[in-house]
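A.B. asks: Sequence first, then the predicted structure, then my questions.
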Amino acid sequence: MQRQSRHTQYPVISPRDFAAIGLEDIAYVKPVTVKGATAYAIHAADGTQMAIVANRELAMATVIQHDMEPVSVH
């Protein structure tokens, strides 16, 4: 008896297209140090820095206010 293999083929996606996934939907929030103090940077899914704010709560609220989903990066 011969075994049949089932392989799913997925489309090839370019690095540029991959980077754009979630670009309008996701924003990353990560702690940064500014002038010796902790602040929080907000980045687009492609890594573009969009803002730096004073605290995590403000960062999360800012992302949500712009209809995006915040994701924490440590």
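C.D. replies: Thanks, I have it.

A.B. asks: Skip ahead from the longest helix belonging to the chain and say which helix or strand is next.
C.D. replies: If you go by DSSP state H, the chain has its longest helix at helix 56-65. Moving toward the C-terminus from helix 56-65, the next helix or strand (DSSP states H and E) is strand 69-72.

A.B. asks: partners of that following strand, with directions?
C.D. replies: Strand 69-72 pairs in its sheet with strand 26-34 (parallel), by DSSP bridges.

A.B. asks: Name the strands paired with whichever helix or strand comes after the partner strand and say parallel or antiparallel.
C.D. replies: For strand 26-34, the following helix or strand on the C-terminal side (DSSP H and E) is strand 37-44. Partner strands for strand 37-44, per DSSP bridges, with pairing direction: strand 26-34 (antiparallel), strand 49-53 (antiparallel).

A.B. asks: quick one on the thing from earlier: the longest helix of the chain relative to strand 49-53, how many degrees between them?
C.D. replies: 140 degrees (axes from the mean of the first three to the mean of the last three Cα atoms, to 10 degrees).

A.B. asks: buried sites along helix 56-65?
C.D. replies: Under the neighbour-count criterion of 16 or more other Cβ atoms under 10 Å, helix 56-65 has Arg56, Ala59, Met60, Thr62, Val63 buried. No exception for glycine: its C-beta is placed from N, CA and C like everyone else's.

A.B. asks: my guess is the last one contacts Glu69, does it?
C.D. replies: Yes. Under the criterion of Cβ atoms under 8 Å, Val63 is in contact with Glu69, at a separation of 7.4 Å.

A.B. asks: Find residues that contact each of these two.
C.D. replies: Ala27 (Cβ atoms under 8 Å, 6 or more residues apart in numbering).

A.B. asks: Out of the strands paired with strand 37-44, the one nearest Gln9 is which?
C.D. replies: Nearest to Gln9, of all these, is strand 26-34, at 26.9 Å by Cβ to Cβ.

A.B. asks: now what about the closest one, what contacts it?
C.D. replies: Looking at strand 26-34 with Cβ under 8 Å, 6+ apart, the contacting residues turn out to be 38-45, 50, 52, 56, 59-60, 63, 66, 68-74.

A.B. asks: Would you mind measuring from the residue nearest to the spatial centre of the chain to Val73?
C.D. replies: With distances taken as Cα atoms, centre = their mean, the residue of the chain nearest its centroid is Ala45 (3.7 Å). Distance, Ala45 to Val73, using Cβ to Cβ, to the nearest Å: 11 Å.
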